[in-house]
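Q: pasted the sequence and its predicted model underneath.
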Amino acid sequence: MDILTLFVVIPVLTITGILFLKDTRQVRLVSAFGMGIQLILAGVLVFAYLSARNAGNTEEMLFIKDYLWFKSLNIHYAVGVDGISVAMIGLTSIVVFAGIFASWEVEFLTKEFFISLILLATGVFGFFISIDLFTMFLFYEVAVIPMYLLIGIWGSGPKEYSAMKLTLMLMGGSAILLVGLLGIYFNSAPGGTQLTFNILEISKVSIPIAAQRLFFPLTFLGFGVLGALFPFHTWSPDGHASAPTAVSMLHAGVLMKLGGYGAFRVAIFLLPEGAKELSWIFIILTSISVVYGAFGAIAQKDLKYINAYSSVSHCGLVLFAVLMMNKTAMNGAILQMISHGLMTALFFALIGMLYGRTHTRMISEMGGLMKVIPFLSVCYVIAGLASLGLPGLSGFVAEMTIFVGAFQHPELFYRIVTILAVSSIVITAVYILRVVAILLLGPTTNEHHEHLTDAKWFEKISVVTLIGSVAAIGLAPFWLSSMIGTSLQPIVDRIVALNPF
Amino acid sequence: MSLGTFLIMRHELLLIAAALLVLIAEIFWNEDKRRYISLFSVILFGIITIAGFLPSTAGTLFGGMYVTSATTVLMKNILNIGALLVFIQSVPWLKKKENSEKTSEYFLLLLSTLAGMNYMISAGHFLMFYIGIELATIPIAALAAFDSYKNKSAEAGIKLILSSALSSGILLYGLSMIYGTTGTLYFKEVAELFGNTSLQILGFIFFFAGMAFKISIVPFHLWTADVYEGSPVSVTSYLSVISKGAAVFILIILLFTVFPAIISTWQKTIYVTSVLTMTIGNLFAIRQQNIKRFLAFSSISQAGYILLGFIGGNQLGMASVIYYLLVYIFSNLGAFGVVIAISNATGKENIDDYNGLYHTNPSLSLIMTLALFSLAGIPPVAGFFGKFFLFTAAAEKGYYLLVLIAVLNTIISLYYYLLVVKAMFINKGETPVEKFKSDFFTKLALAICVAGIVVTGFASIIFEAIKNLSFGV
């Protein structure tokens, strides 16, 4: 079996293993074990990928495996990775691993919880390894649907409403996406040869411009809903606020990246001419996402809502960068996906841990926690600083690259939207610093909070994994950046060849 | 009649022989032995189902009145599988005291409707087709009224027979116009002589309306919910899967082989009715409280999706329709299997009664969830593949707008399917269904359904085999 298929097989085996267990402790251990192997495997993949590249392999995708599935429609089970997908797989395995430890204390229906969580992860991994649009779409939906049960059963607050809203909006997005994918498929052979779902093969033909105009908006919108594109972002705050900790982590950290990755890999890469003509609509929408999300975060009083709106803003930035369609900005988009994935997962993990202790998520009801629970508080500050783009942490590299890339366009329109989007950095600083000040610094305001216990061992594993990764990217961004950059080159070459800016 | 004739008409003759055997058993067996009638019928029908898969020869009988081909054999086999599941599912219900007197009647009636459907599918002549359709419909009305001590069941029987009579009348009126303008009722000759005159199109519209009644396509669906609610659950599941499936099969054959001359006309008809059927079926399903009415409206909307396979008139379309019906049989019978099990054990048939079901009966809830996800088209279960192929078939001919309407409709349907999932997993029931053990037959039927739901999708060989036997206009 090839290494990429293992990324789907291991979670499935883990789920099968959990099915036969009765004891909740064993369930936790098996989940952690399975996802630990997955994390190691991701490390092996990164290493194998880099050494293959160093050995001079210049194929666009590596480790390609292709099995014919439905012959009459030319549907394949096809997997392959380039630097971008390798980076996303690495991100996913880190967040899933941390998520398992962050949900160590789930008591209600533990077995079902871990099964749904790992099922979700299976979908995400499958999505990132696919290079066939059909399997990609299949895994995409597999990743979305366990969300309903995860939020509906283990969530908090108006969980049923949020779960339904989230599921229906995301599935609505995937419904629109399906039409776009079918459109791509039926235009994938303008010369009358065999129709195909294979991304690499489609990228070699040029789809008729009329079809591109029709299907680019559908495809981009379909993925955009998952990337919290304004005005289809409303599922995100409610969903994230109601979801249990690990689900918020996975969802904001990884699942929303499916939107950005798909928009980039399918919508822009396969339909570049349509993208060039129509990107202005989406650039306006994403700029609104970026600024609106940041302002939304200022207005919130609930920690999870703050972070959810901040995710809307940051993921908006990903889509914004993708639409700029030049190498620097796209490089920034990928970096931002990874950086935001880690950072927001860290945030949600910390919020979950705080909530587990204080039983409130309202900022006004907390204060001075730094003295009581120093470990968690320091981690929170680090997460905050990464989020507002402090140099030395991952957020800075990503946002800097995006804005430099976006500013490379000489037209006035691009200049204006870039300046607008840059303003979000300032707003982000406001809400992050405000929360840190109220929550952590100053005297302990709530007497019930004076005797809280600091992080337990499993919480530390979760947090340290994430902080380590954030810092690693921030301090040594170039290896990641170059891994992404080499893979971006052929994609950008294709886009630039079609649209000389 | 030679042996070759027997082989050609194998499906129908076996069914009739089985019906006669059940009848003989009923007459000659004493009280003690009669307890085994259900088991006897199920085994008998199981053999017939397997026999259906033996290699067959294509051919015609009675001067072209009866036609069989690999495609019709495939369709009959699919119906047999579904009917077998219904047979197995209904055994526990037939064991109840009030039904023990009329067990053999139940099987007799089912076998004769199935024979009627098979004749309908194999028809080469409109008269044969009409005989088949009547043979398929009238016994079902008796079955709908099977719980004769219940007012609702009797009402269902009356409603079904009246609306079928009306629809048959409309259908016959259409056929008379077709006969009047072409001078023949043989499918082949009608296909050659069919033109675009207004009387012929009028005849076609009447014919289509008659068929729409059988498939319960909007606006001819009004009988569905009441009949489904009133009939015993086993009969409802038969009506929603097998009757509908048979009518879909013959309609697609007729549209593709007899009416290709007016393809642009029926494409418009299908377009409009498909949009109406999906949307109205879905919107009404949201409001239902009774699980049988709920599944009735869900099955109406499913018919709307199935019409997407018709519209292109392409080979892929026919393949996706047949494939979808196979998937639909497993999914819908899986859902009905759970409803039957709960209804038999507790008599509860409302969605509210399912609150907290997961905590008392986890495996039933999981099967129900799987079946509903398959109906909603969620991967990785078979319903996803089925819907994907239907949409692909319509997209192949450029009906992107219709596909968009259909996929948005699947989101509405997902909403109400999730309501049931929510009831089972999330809601807290004050008086949840108690934990109960299902008997062997229920388990067997559910296991087959689950296997079907899981395997049919991934096993591409099934779809490819169906595709090879399909044809386009």
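A: It's in.
Q: pLDDT score for the residue in chain A that chain B sits nearest to?
A: Going by CB to the nearest CB, chain B is nearest to A:Ala175 of chain A, at 3.6 Å. From N, CA and C alone the C-beta is placed, and that goes for glycine too. Looking at A:Ala175, its pLDDT is 90.
Q: and it, how many neighbours does it have?
A: 25 (other CB atoms under 10 Å in any protein chain shown).
Q: identify the residues contacting it.
A: Contact partners of A:Ala175, counting by CB atoms under 8 Å, 6 or more residues apart in numbering or on different chains, are A:Gly222, B:Leu404, B:Val407, B:Leu408, B:Thr410, B:Ile411.
Q: at 10 Å instead, please
A: Taking CB atoms under 10 Å, 6 or more residues apart in numbering or on different chains, we find A:Ala175 in contact with A:141, A:168, A:218, A:222, A:225, B:377, B:391, B:403-404, B:406-411, B:414.
Q: what sits closest to B:Phe458 if chain neighbours are left out?
A: Ranked by CB to CB, 6 or more residues apart in numbering or on different chains and with sequence neighbours excluded, the top spatial neighbour of B:Phe458 is B:Pro380, at 7.3 Å.
Q: surely that neighbour is in contact with B:Thr456?
A: No: look at B:Pro380 against B:Thr456 with CB atoms under 10 Å: they stay out of range, at 11.4 Å.
Q: can you count the residues close to the residue in chain B that chain A sits nearest to?
A: Minimum separation of chain B from chain A (CB to the nearest CB) falls at B:Val407, amounting to 3.6 Å. Counted by other CB under 10 Å, the residues lying close to B:Val407 total 22.
Q: I figured it hits B:Phe391, correct?
A: Yes: shown here, B:Val407 and B:Phe391 form a contact pair, counting by CB under 10 Å, at 6.7 Å.
Q: find residues that contact each of these two.
A: A:Ala175, A:Leu178, A:Val179, A:Leu182, B:Tyr305, B:Gly377.
Q: which one of those residues sits closest to B:Gly337?
A: B:Gly377 (19.7 Å; CB to CB).
Q: show me the contacts for the closest one.
A: A:141, A:171, A:175, A:178, B:305, B:324, B:327, B:331, B:383-388, B:390-391, B:406-407, B:410-411, B:413-414, B:417 are the contacts of B:Gly377 under CB under 10 Å, 6+ apart.
Q: and A:His233, that's in a strand?
A: No: read with DSSP: H, G, I helix; E, B strand; the rest coil, A:His233 is coil and lies in no strand.
Q: skip the chain neighbours and tell me the closest residue to it.
A: Counting by CB to CB, 6+ apart, the residue nearest A:His233 is A:Val312, at 4.8 Å.
Q: now do the contacts for the one you found.
A: Counted by CB under 10 Å, 6+ apart, A:Val312 has contacts A:227-230, A:233-234, A:236-237, A:240, A:252, A:256, A:289-290, A:292-294, A:296-297.
Q: repeat that for B:Ser2.
A: B:Ile8.
Q: correct me, but A:Leu303 touches A:Leu369?
A: No: with contacts defined as CB under 10 Å, A:Leu303 does not count as touching A:Leu369, sitting 11.6 Å away.
Q: joint contacts of the two?
A: A:Leu354, A:Tyr380, A:Leu439.
Q: so which of the residues you listed is the closest to A:Leu109?
A: Nearest to A:Leu109 among those, with distances taken as CB to CB, is A:Leu354, at 23.9 Å.
Q: for B:Ala225, see how far away the closest one is.
A: 51 Å (CB to CB, to the nearest Å).
Q: then A:Ala299?
A: Distance from A:Ala299 to B:Ala225, by CB to CB: 47 Å.
Q: show me which of those two is the more surrounded one.
A: Ranked by neighbour count (other CB under 10 Å), A:Ala299 and B:Ala225 place B:Ala225 first, with 23 against 10.
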